[in-house]
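Trainee: give me a model of this one.
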Amino acid sequence: MKRVGVLVVALLMPLSGCAEDSPYGEFGPSGSAPAPVATFDAEVTVADAEVQVSYRFANEGDEPLLLINRPAVPAGAGVRYRTDAAYVTEDADGGALLSQALFGFPDTDQTWASIPRVGVTEVAPGEAVEVEVTSALPLTWFHPFGTDLGTGSMSLPSDVARVRFCLGVVGPRRPESMTPRTEEDGTRTVGHASAAQHLFCSEPEEL
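Mentor: Reported below is the predicted structural model:
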């Protein structure tokens with residue numbers, strides 16, 4: 001069990017990089033936006049049947065922030081946007097990455113009929129949210145653009161030994177493409193590949 005606490009007090013990171021050049025895996029999310037003024041604490045626990053993540057995010061700044069924390073999970077003929085779910089991809093070091101984040105278009109020749117969407121939570125200045133996330137073991141590939149990204153069916157290596165969690169946060173200066181829409185169930189969603197984000201991450205935990 002590992003716990004990480006991060007306090008960010010200034011905008012230090014320049015905009016740069018893309019998913020394949022980032023430390024989050026070739027087909028993982030990318031974090032290229034400046035860090036917001038916020039605190040992030042995450043605890044990752046590996047149990048017999050699942051990986052459990054408990055995190056707390058607090059907005060310490062003066063403007064609202066968007067957490068990208070509601071992946072769309074298949075449910076019947078549609079989807080449900082769930083805060084207890086996480087995307088599952090291969091991490092840059094060969095481990096597994098659980099994430100609630102924006103994903104860019106994969107760098108392949110594959111095309112998609114529509115841009116997948118993800119639910120968001122707005123955190124006002126001075127407010128905090130606490131979230132519990134679970135992913136069943138063995139971990140299974142879960143990417144917003146599907147299991148075939150143009151290079152064949154994707155899966156995690158069978159010898160994954162580590163796992164960590166990352167949370168995507170988008171600051172207040174958002175492009176118009178990041179204007180949330182409200183779904184029938186009341187969830188506010190945005191499209192993937194619509195803005196730069198900052199990624200807050202835990203330390204790896206051994207599986």
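Trainee: that's a helix at Ser177, yeah?
Mentor: Yes - judged by DSSP: H, G, I helix; E, B strand; the rest coil, Ser177 forms part of a helix.
Trainee: what's near enough to touch it?
Mentor: Ser177 is in contact with 190-191, 194-195, counting by CB atoms under 8 Å, 6 or more residues apart in numbering. Just so you know, the C-beta spots here come from the backbone N, C-alpha and C atoms, and that holds for glycine as well.
Trainee: at 7 Å what do you get?
Mentor: Residues near Ser177 by CB atoms under 7 Å, 6 or more residues apart in numbering: 191, 194-195.
Trainee: among the helices and strands of the protein, which has the poorest mean pLDDT?
Mentor: Between all helices and strands in the chain, the lowest mean by mean pLDDT, DSSP states H and E belongs to strand 2-8, at a mean of 37.
Trainee: hmm, back to that, from the contacts of Ser177, which is closest to Ser202?
Mentor: Using CB to CB, Ala195 comes nearest to Ser202 of these, at 22.7 Å.
Trainee: contact partners for that closest one?
Mentor: Going by CB under 7 Å, 6+ apart, Ala195 touches 102, 170, 174-175, 177-178.
Trainee: with adjacent residues omitted, what lies nearest to it?
Mentor: Closest residue to Ala195 apart from its sequence neighbours, by CB to CB, 6 or more residues apart in numbering: Met178 at 4.5 Å.
Trainee: how many neighbouring residues does the one you found have?
Mentor: With neighbours defined by other CB atoms under 10 Å, the count for Met178 comes to 17.
Trainee: now do Tyr81
Mentor: By other CB under 10 Å, the residues close to Tyr81 number 21.
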